[in-house]
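[1] Would you be able to build a 3D model of this:
(2 chains)
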Amino acid sequence: MLPIIFVLPLLQLVILSNAATFEVKNIKFGYIDNDHSSTSRALIEKFNASTYFDVLTDFPSEAKASSAMLNGEIDVVLEIPRHFARDLQNEKYVNLGVTINAIDGAAAGVENVYITQIIQSYNKHIRTDLVQISDAQIQPAYIDTIPLFWYNETLNYKTFMVPGILVLLVTMITLFLSGMNIVREKEIGTLEQINVTPIKKNQFIIGKLFPFWVIGMGLLTVGLLLARLIFNVPMVGSLVLMYVYTSIYILVILGIGLFISNFTDTQQQAMFIAWFFVVIFILMSGLFTPIESMPKWAQIITEFNPIKYYVEVMRMVMLKGSGFTDILPQLIKTLAYAIIMNGLAVWSYRKAN
Amino acid sequence: MRFPLSWEMNMQNNNVIQVEGLTKMFGDFTAVDAITFDVKKGEIFGFLGANGAGKTTAIKMLIGISNPTSGKATVAGFDVLTNPNDIKRNIGYMSQRFALYDDLTVKENITFFGGIYGLSRKRIKEKSEALIKELGLENVASQLVGSLPLGWKQKLSFSVALIHDPKIVFLDEPTGAVDPITRRQFWEMIYKAANQDTTVFVTTHYMDEAEYCDRVSIMVDGKIEALDTPMKLKEQFQAESMNDVFLKLARG
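    Down below sits the predicted model:
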């Protein structure tokens, strides 16, 4: 069991950190060149040179391009009008037709930005005339910005994701282990033998917490080592602070797990409930999608999400080097949460029914 | 004259278990229907009944892991409703189902339960050596309990139930599914415990075992239908053996 507890999550860390990326790469790019001039070919060449686009096909007609997009063969179609080169010289501006498959809205937005940047760098005078499939109309904004990326200067997604995924692994393993635990003893009957002893309720719960707490801290340690050695994630802040926060955070999760375990009769029920919370906690943690863009009611719910605080704290401490006072609000909330959940776990453990 | 340790409480009648009108209902179903009986100190009290008669439910109320719907009971001088933890310090319990940790070794199980009962390290060490020797488990003391045959497991359970020298030990069908030799050894262990002044409260549905008890109660559909020494019960029901007594009662 112990190897499973450690090996599987660490494999997940290695695999997921590579897979969970918001970078849009390998965009399948098609074009309809109605002009066939050296100017239009030079523009296509710009796309070809970009690492983000796989320039695939020159479509003879719009209908062919549409059906290719329908089949999922291409993501983006650029239509270059007839007399593109001539108009560009004479009238100083030209409209280009760009069609983006926006079923994945987030990816479409990113693609739009890439396309606009490439075209603008080619010629400031070309305006893209954007058509997006699906209703959302996003007008490209023509604002010159000079981006300065703090804390993650190279915009490395792994730097951003590894602390978050580490959080998930520590959470899931400790929640499932503790959630299954007491209920398993109910199933095999050993809990009854414990219940006829004079053991105190809080002694029992502490006895249950401690081993999982050690496992959680062990997972954090191995995960941090991997983050450093494999992903080269910067660790700007204090390791001690990360451990202090994690030690309290794990108590919250274990409290939730033991609470679930006390309320269920079979491991199946416990697993179901634990999954229910894990999925909600993960999707509402700000790990994959920013909390700021959630509706108001959802934002209120995230206040009760322990993973949200852990993700925040890990990113703050690891990447920004935040100190004790910076994470104090999260620390206090987590501590309160830990006291409440473990109080509930002790309260819900019944020696008699 | 032997006095129990908490003799002040039991001085008048020397009863270690007193039950009066104890009832447990699950919804509309009455599992235990107002049972009343006493168990004397040092007695081997047989608690008989067919499957589903309510024996296990009654035991669970007496050992403080099931709250009675109504009625009163004191065990070892303590009330089951108000002082279950005091009761638990003074009793041992062996359940129908093997309930030690399969993934701990024999020694670890003994140490673990000894620890829960608050025995000192030294006492645990002495006890565990004595127990292992007595049970003849020297060769498997460091083996996982899960790998032992059922009969050995049951004997180990019984010993663990006695580890803190309880005043009363509750045995819920201790000899279910064990071979005749082990059953015999089991009853030798029970007699030994009774000789050392431990009260034994044992359920069984082997009627030959009922003959070994000092007194026997027979439960039918949640009620105690008969309670006396095996000898007197046989007289009362004009039966040859306890088996006949049981059949007459159980068939109504």
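[2] Does stretch B:202-209 reach chain A?
    No: for stretch B:202-209, no contact with chain A is found by CB under 8 Å from any CB of the partner chain; the gap never falls below 15.0 Å. Placement of C-beta: from N, CA and C, glycine included.
[3] end-to-end on that stretch?
    The straight-line separation of the ends of stretch B:202-209 (CA to CA, to the nearest Å) is 10 Å.
[4] secondary structure element for B:A73?
    Element membership for B:A73, per DSSP states H and E: strand B:70-75.
[5] which residues does residue 239 contact?
    If you meant another chain, say so; for now it's chain A. Residues in contact with A:L239 (CB atoms under 8 Å, 6 or more residues apart in numbering or on different chains) are A:L224.
[6] To clarify, I was referring to chain B.
    The contact partners of B:A239, taken as CB under 8 Å, 6+ apart, are B:L233, B:V245, B:K248.
[7] what's the neighbour count on the second one?
    Here the neighbour count serves as a burial measure; for B:V245 (other CB atoms under 10 Å in any protein chain shown) it reads 25.
[8] mind listing what's buried in the strand holding B:A73?
    Buried residues in strand B:70-75, counted by 16 or more other CB atoms under 10 Å in any protein chain shown: B:G71, B:A73, B:T74, B:V75.
[9] so who does the residue nearest to A:L258 when sequence neighbours are not counted touch?
    Nearest in space to A:L258, with sequence neighbours left out and distances taken as CB to CB, 6 or more residues apart in numbering or on different chains, is A:A345 at 4.0 Å. By CB under 8 Å, 6+ apart, the contact set of A:A345 is A:I205, A:L254, A:G255, A:L258, A:F259, A:N262.
[10] Helix, strand, or coil at the residue most central in space within chain B?
    Residue closest to the mean C-alpha point of chain B, counted by CA atoms, centre = their mean, is B:F170 at 1.9 Å. For B:F170, the assignment made with DSSP: H, G, I helix; E, B strand; the rest coil gives strand.
[11] I'd like to know how far A:I332 sits from B:E225.
    Counting by CB to CB, to the nearest Å, the gap from A:I332 to B:E225 is 63 Å.
[12] count of residues packed around A:W297?
    That count, for A:W297 with other CB under 10 Å as the rule, works out to 7.
[13] Let me see the backbone angles for it.
    phi -60, psi -40 (degrees, to the nearest 10).
[14] packing partners for whichever helix or strand A:K64 is part of?
    Assigned by DSSP H and E, A:K64 belongs to helix A:62-70. Packing partners of helix A:62-70 (3 or more CB pairs under 8 Å, 6 or more residues apart in numbering or on different chains; DSSP states H and E): strand A:27-33, strand A:76-80.
[15] who are the neighbours in contact with A:G164?
    So A:G164 contacts A:S285, A:L287, A:V311, A:M314, A:R315 (CB under 8 Å, 6+ apart).
[16] A:G218 too?
    If you count contacts by CB under 8 Å, 6+ apart, then A:G218 has A:F6 around it.
[17] which regions of chain A sit below the pLDDT cut-off?
    Scanning chain A for pLDDT under 70 picks out A:20-22, A:92, A:123-156.
[18] And it, what are its domain boundaries?
    A:22-138, A:154-348 (automatic domain parsing).
[19] Enumerate the residues of the stretch 201-350 of chain A near chain B.
    Counting by CB under 8 Å from any CB, the stretch 201-350 of chain A has no residue next to chain B.
[20] Can you tell me which residue of the stretch 201-350 of chain A sits closest to chain B?
    Per CB to the nearest CB, A:Q203 is where the stretch 201-350 of chain A lies closest to chain B, at 8.6 Å.
[21] out of the helices and strands packed on helix A:62-70, nearest to A:S293?
    strand A:27-33 (23.3 Å; CB to CB).
[22] Which strands or helices does the closest one pack on?
    helix A:38-49, strand A:53-58, helix A:62-70, strand A:76-80.
[23] Pull out the buried residues from the second one.
    Read it as strand A:53-58. In strand A:53-58, counting by 16+ other CB under 10 Å, buried: A:F53, A:D54, A:V55, A:L56, A:T57.
[24] again, but for the third one
    For helix A:62-70, the neighbour count (16+ other CB under 10 Å) marks A:A65, A:A68, A:M69 as buried.
[25] of those residues, closest to A:L96?
    Closest approach to A:L96 among those (CB to CB): A:A65, at 13.8 Å.
[26] Give me the neighbour count for residue 192.
    Defaulting to chain A. If we define neighbours as other CB under 10 Å, then A:E192 has 20 of them.
[27] that's the wrong chain, I wanted chain B
    Counted with other CB under 10 Å, B:K192 comes out at 12.
[28] which helices and strands sit right next to the helix or strand containing it?
    Assigned by DSSP H and E, B:K192 falls within helix B:180-195. Judged by 3+ CB pairs under 8 Å, 6+ apart, the packing partners of helix B:180-195 are strand B:44-49, helix B:150-161, strand B:199-204.
[29] Make CSV from these and add distance to A:L2, mean neighbour count and mean pLDDT to it.
    Shown next, in CSV, are the helices and strands packed on helix B:180-195 (distance: least, CB to CB, whole Å; neighbours: other CB atoms under 10 Å in any protein chain shown; pLDDT from 0 to 100):
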stretch, distance to A:L2, mean neighbour count, mean pLDDT
strand B:44-49, 43, 26, 92
helix B:150-161, 25, 21, 90
strand B:199-204, 40, 24, 92
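[30] Spatially nearest residue to residue 48, not counting backbone neighbours?
    Went with chain A since none was named. A:V55 (4.6 Å).
[31] Actually, chain B is the one I wanted.
    Using CB to CB, 6+ apart, the closest residue to B:L48 is B:I218 (4.8 Å).
[32] residues in contact with that neighbour?
    Taking CB under 8 Å, 6+ apart, one finds B:L48, B:G49, B:I224, B:E225, B:A226, B:L227, B:L233, B:V245, B:F246, B:L249, B:A250 in contact with B:I218.
[33] Give the pairing partners of the helix or strand where it lies; include direction for each.
    Assigned by DSSP H and E, B:I218 falls within strand B:215-220. According to DSSP bridges, strand B:215-220 forms sheet pairs with strand B:44-49 (parallel), strand B:223-228 (antiparallel).
[34] Which positions in it come out as buried?
    B:R215, B:V216, B:S217, B:I218, B:M219, B:V220.
[35] now swap in stretch A:166-185 and tell me
    Here stretch A:166-185 shows A:166-183, A:185 as buried, counting by 16+ other CB under 10 Å.
[36] Which of those fall within helices?
    Among these, the residues falling in helices (DSSP state H) are A:166-183, A:185.
[37] Grab the nearest non-local neighbour of B:L148.
    B:V140 (6.3 Å).
[38] For B:L131, see how far away the one you found is.
    The value you get for B:V140 to B:L131, if CB to CB is used, is 13 Å.
[39] can you check A:T334 too?
    Taking CB to CB, one finds A:T334 at 46 Å from B:L131.
[40] Make sure A:Y114 is indeed in a helix.
    Yes: remark: A:Y114 belongs to a helix, assigned using three-state DSSP.
[41] From what I see, it and A:F47 are in contact.
    No: checked against CB atoms under 8 Å, the pair A:Y114 and A:F47 is beyond contact range at 9.2 Å.
[42] would a markdown table of the buried residues of strand B:215-220 with pLDDT be doable?
    Shown next, in a markdown table, are the buried residues of strand B:215-220 (pLDDT from 0 to 100):
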| residue | pLDDT |
| --- | --- |
| B:R215 | 94 |
| B:V216 | 93 |
| B:S217 | 93 |
| B:I218 | 91 |
| B:M219 | 90 |
| B:V220 | 89 |
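[43] Thank you, goodbye.
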